[in-house]
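In: A predicted structure for the sequence below; I have some questions about it.
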Amino acid sequence: MATNTLGYYDPLFYAQEGLILLEKALGRSARVHRGYDRDVKQKGSATGISRPSTFTAQNAPSSDQNLEAGTVQIQLNYWKEVKFSLTDKEFSLSRENIITDHVSPAIYAISDDIDMNLASLANEVPWYYDLASTTEYKDLTRAKKVLRDNKVPFNDGKLVYCCGSDLEAGFLELFANANFAGHSSQAAQLSGSMGVRSGVELFANNNVNTHTKGTCSVTTLAMNGAHAKGVSTINLDAATVTGTLVAGDSFAIAGDTQRYAVTGTFTASGNAFSTVTISPPLAAAAADNAVVTVRLDTHVQNMIYHKNAFALAMAPLSEAGNDLGAKIATVVDEKSGLVLRSRIFYTGETSKISVAFDVLYGIKTLDPNLACICAG
């Protein structure tokens, strides 16, 4: 009979190792604003995390500026789990083998799920820059200019550029060229690292989505009725229009310098689109019949953004099962804002030991004006 030490059944050890692996596996998730809640939550709960504050310099002496805007509520809508079973023989393997062969792939799957959901927030970004047909350095500098024009903070080291496979290949070929000689060129050739260029960290990501445009039959619409500043739902119409507007389509309103993104799927009926949800809310009041110019194109959603454009929030799950025979542990990393639960329990019917890792999290766009789609 295989001999196991008690330590092999320690869920805290596996939770701690899993959290280390989770932090290493983070892609886009490592490059957004993160926060956590120490209180036990369940799926669908809301949690408040700190939000980077913004201030306005005023003539002195001035009054205190309200910090309530420094907190944002995020719905914890994602409860994701990876569970696997080990026989007595498999569980008698060394801890290192269990971590390498089972725990590491399980944690990667969780990290990938978080990353994919964060990728969907690109649909809420209204700004764009059209990349060149062949990758050029201005695909970085001109995209960065869009952020500059939107007064995005540039001096805090939080600018990142998320590249899909085509753009990554283009940048690596560009940076490995003799015109980019030196250490940076060697890094591109030897390690495949795109590094930091022009103050922006470039990184490749497997979960860059392709936006498929709506089927709206025209690109010029009009506001259907007057709309007040701050609303997030609008009505649009045209003399004749059919088809759909979908999440990720964007538009501009005449007289308004702010761009907007559609955040759902809407089908024209009676030459109008009703209750269209948008990101961000209207920055200025819009008059009835104001001209709306829609951008309809299918593109890869590469993106340059400031880390404060998006947020990831996590919270611990219940450990009540500890009283029902399972061994459960939760670890919280206050520095990274990551939370992970591990459970170990025996399944009598199969004579197997089950190991499960799960996370509870939510995502949110904090400010779509801190990001720009680099349309490939």
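Out: Sure, I can see it.
In: any idea how far whatever helix or strand V331 lives in is from the chain center?
Out: Using DSSP states H and E, V331 sits within strand 327-333. From the chain centre to the centre of strand 327-333 is a distance of 24 Å (C-alpha atoms, centre = their mean, to the nearest Å).
In: where does pLDDT dip in the protein?
Out: Filtered on pLDDT under 70, the chain yields the residue ranges 1-9, 52-59, 61-70, 88, 91-95, 178-193, 323, 349.
In: on that earlier part again, for the strand holding V331, name the packing helices and strands.
Out: Here strand 327-333 touches helix 11-25, strand 338-347, going by 3 or more C-beta pairs under 8 Å, 6 or more residues apart in numbering; DSSP states H and E. Placement of C-beta: from N, CA and C, glycine included.
In: ok, the next helix-or-strand element following the longest one: who's next to it in the sheet?
Out: Just to be clear, that refers to helix 11-25. Going down the chain from helix 11-25, the next helix or strand is strand 33-36, by DSSP H and E. With DSSP bridges as the test, strand 33-36 is paired with strand 310-315 (parallel).
In: in the strand of greatest length in the chain, what's buried?
Out: Counting by DSSP state E, the longest strand found in the chain is strand 352-365. Neighbour-count burial for strand 352-365, counted by 16 or more other C-beta atoms under 10 Å, picks out 352-353, 355-365.
In: make a markdown table out of those and add distance to L202.
Out: A markdown table is the format used below for the buried residues of strand 352-365 (distance: C-beta to C-beta, whole Å):
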| residue | distance to L202 |
| --- | --- |
| K352 | 44 |
| I353 | 43 |
| V355 | 36 |
| A356 | 36 |
| F357 | 31 |
| D358 | 32 |
| V359 | 27 |
| L360 | 31 |
| Y361 | 26 |
| G362 | 27 |
| I363 | 22 |
| K364 | 25 |
| T365 | 22 |
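In: rewinding a little: the longest strand of the chain pairs with which strands?
Out: strand 78-86 (antiparallel), strand 310-315 (antiparallel), strand 338-347 (antiparallel).
In: alpha carbons of the shortest one, as PDB, please.
Out: Extracted in PDB, the C-alpha atoms of strand 310-315 (Å, rounded to 0.1, in the frame of the first residue of the first chain):
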ATOM      1  CA  PHE A 310     -10.000  48.200 -16.400                       C
ATOM      2  CA  ALA A 311     -10.400  46.400 -13.000                       C
ATOM      3  CA  LEU A 312     -10.300  42.900 -11.700                       C
ATOM      4  CA  ALA A 313     -11.900  42.200  -8.200                       C
ATOM      5  CA  MET A 314     -11.700  39.000  -6.300                       C
ATOM      6  CA  ALA A 315     -13.100  37.700  -3.000                       C
END
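In: so the longest strand of the chain versus strand 327-333, what angle?
Out: 30 degrees (axes from the mean of the first three to the mean of the last three C-alpha atoms, to 10 degrees).
In: just say which of the helices and strands packed on strand 327-333 is most tucked in.
Out: Of all the helices and strands packed on strand 327-333, strand 338-347 carries the top mean neighbour count, a mean of 21, counting by mean count of other C-beta atoms under 10 Å.
In: next one: stretch 263-271 to chain centre, how far?
Out: Here the centre of stretch 263-271 is set off from its chain's centre by 26 Å, with C-alpha atoms, centre = their mean.
In: next up, phi/psi of G170, please.
Out: In terms of degrees, to the nearest 10, the main-chain angles of G170 are phi -60, psi -40.
In: from Y137, how far off is it?
Out: Separation of G170 from Y137 (C-beta to C-beta, to the nearest Å) stands at 11 Å.
In: more crowded one of these two?
Out: For G170 versus Y137, neighbours defined as other C-beta atoms under 10 Å are more numerous around G170 (18 against 15).
In: how about the nearest residue to the more buried one, chain neighbours excluded?
Out: T135 (2.7 Å; C-beta to C-beta, 6 or more residues apart in numbering).
In: can you check K158 too?
Out: The shortest distance from K158 to any non-neighbouring residue, by C-beta to C-beta, 6+ apart, is to K307 (4.1 Å).
In: wait, that neighbour sits on V32?
Out: Yes: look at K307 against V32 with C-beta atoms under 8 Å: they come within range, at 5.7 Å.
In: quick one: which of the two has more around it?
Out: The neighbour count for K307 versus V32, taken as other C-beta under 10 Å, is higher for V32 (24 against 21).
In: excluding chain neighbours, what is closest to that one?
Out: F310 (4.3 Å).
In: surely the one you found is in contact with G362?
Out: No: taking C-beta under 8 Å as the definition, F310 is not a contact partner of G362, at 11.4 Å.
In: so how far is the helix or strand containing A143 from its chain's centroid?
Out: Using DSSP H and E, A143 falls within helix 138-149. Remark: helix 138-149 is offset 21 Å from the chain centroid, using C-alpha atoms, centre = their mean.
In: can you name the next helix or strand after it?
Out: Per DSSP H and E, the helix or strand that comes after helix 138-149 is strand 159-163.
In: parallel or antiparallel, list what pairs with that next one.
Out: Strand 159-163 has the following strand partners under DSSP bridges: strand 200-204 (parallel), strand 299-306 (antiparallel).
In: list of residues touching it?
Out: With contact meaning C-beta atoms under 8 Å, 6 or more residues apart in numbering, strand 159-163 is reached by 28, 31, 140, 143-144, 147, 152, 171, 194, 199-205, 208, 302-307, 374.
In: show me which of these are buried.
Out: Buried by 16+ other C-beta under 10 Å: 28, 31, 140, 143-144, 147, 152, 171, 194, 200-205, 208, 302-307, 374, out of the contacts of strand 159-163.
In: distance of N205 from S29?
Out: 10 Å.
In: can you give me the helices for the stretch 101-250 of the chain?
Out: Taking DSSP state H, counting those that start in this stretch as the test, the helices found in the stretch 101-250 of the chain are 104-119, 138-149, 165-175, 183-190.
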